[in-house]
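Student: below: sequence and its predicted model.
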Amino acid sequence: DAMVIQNPRYQVTQFGKPVTLSCSQTLNHNVMYWYQQKSSQAPKLLFHYYDKDFNNEADTPDNFQSRRPNTSFCFLDIRSPGLGDAAMYLCATSRDLMATNEKLFFGSGTQLSVL
Amino acid sequence: AQKVTQAQTEISVVEKEDVTLDCVYETRDTTYYLFWYKQPPSGELVFLIRRNSFDEQNEISGRYSWNFQKSTSSFNFTITASQVVDSAVYFCALTWGLSNFGNEKLTFGTGTRLTIIP
């Protein structure tokens, strides 16, 4: 059974039209992450939540926002998608912070296309 | 700076051959953790192994084995008797530090696309 679930699997949006990607987890993990992975590139961390504490990476554009209304759900909002935002977006969880030797559990990702 | 280099962009081998995926890392920290993840065509990254910097023992898990050498800052991954199901992109990754808040980033290499030819 999938433990980190991302919906939808494929998302198409128009240039400049806000879009929300969702992630849910059944692991009851404290930490949830959003990674962006462009074609043939390494996943790049956008931000993460440790419980309710939000932590943005310094180079994450302001165009990207996130919400975590409860332990199980986390959303990625792209306020005005540009063509350069087309990518696979991966949600991941860990029981605790990575520095404590945890491992990440990933969802299958949402492939975002921007027309 | 923390960095992971996977110099092999793509590798193709015939089924049943052995194959080694290279990973070289850079970090100034004495405490760090190394990982390998597999990303099959379905997209989900699957955890394979975690190794901390104080444990240089090599590990074997079935057809998979890992060679960690601090002297060369390498953490190479070998698949023995490869199978078609091993076809995927493999990422080596690094995180570092103790329990300091702010070290949560898992730095990935650019990945190696492995194709096993039947």
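Tutor: All right, it came through fine. This one's a predicted model, so the numbers in the text were calculated from it and none came from an experiment.
Student: what parts of chain A come near chain B?
Tutor: A:31, A:33, A:40-45, A:48, A:50, A:55, A:57, A:88, A:90, A:92, A:97-101, A:103-109, A:111 (Cβ under 8 Å from any Cβ of the partner chain). Using the backbone N, CA and C atoms, a C-beta is placed for each residue, glycine as well.
Student: B:Ile79 - how many residues pack around it?
Tutor: The local packing of B:Ile79 (other Cβ atoms under 10 Å in any protein chain shown) involves 20 other residues.
Student: B:Arg63 is in contact with that one, correct?
Tutor: Yes - assessed by Cβ atoms under 8 Å, B:Ile79 is found in contact with B:Arg63 at 5.8 Å.
Student: burial measure for the nearest residue to A:Ala86 once chain neighbours are set aside, as a count.
Tutor: Excluding the flanking residues, the one nearest A:Ala86 by Cβ to Cβ, 6 or more residues apart in numbering or on different chains is A:Val114, at 4.7 Å. Neighbour count of A:Val114, defined by other Cβ under 10 Å: 19.
Student: report pLDDT for A:Val114.
Tutor: pLDDT for A:Val114: 96.
Student: ok, now B:Gly43?
Tutor: Note for B:Gly43: predicted pLDDT of 84.
Student: what about the residue nearest the centre of chain A, is that helix, strand or coil?
Tutor: Nearest to the mean C-alpha position of chain A, by Cα atoms, centre = their mean, lies A:Trp34 at 2.7 Å. For A:Trp34, the assignment made with DSSP: H, G, I helix; E, B strand; the rest coil gives strand.
Student: now the strands for chain B?
Tutor: Along chain B, counting by DSSP state E, strands occupy B:3-5, B:10-14, B:19-21, B:24-26, B:32-39, B:46-52, B:59-61, B:64-69, B:74-79, B:88-96, B:107-108, B:112-117.
Student: mean pLDDT and distance to chain A added to these, as TSV?
Tutor: As requested, these are arranged in TSV below (pLDDT from 0 to 100; distance: least, Cβ to the nearest Cβ, whole Å):
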stretch	mean pLDDT	distance to chain A
strand B:3-5	93	8
strand B:10-14	97	10
strand B:19-21	98	14
strand B:24-26	95	13
strand B:32-39	92	6
strand B:46-52	90	5
strand B:59-61	88	14
strand B:64-69	94	15
strand B:74-79	97	15
strand B:88-96	91	5
strand B:107-108	89	4
strand B:112-117	97	8
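Student: thought B:Glu56 was touching B:Asn67?
Tutor: No - if you go by Cβ under 8 Å, B:Glu56 and B:Asn67 don't touch, sitting 9.6 Å apart.
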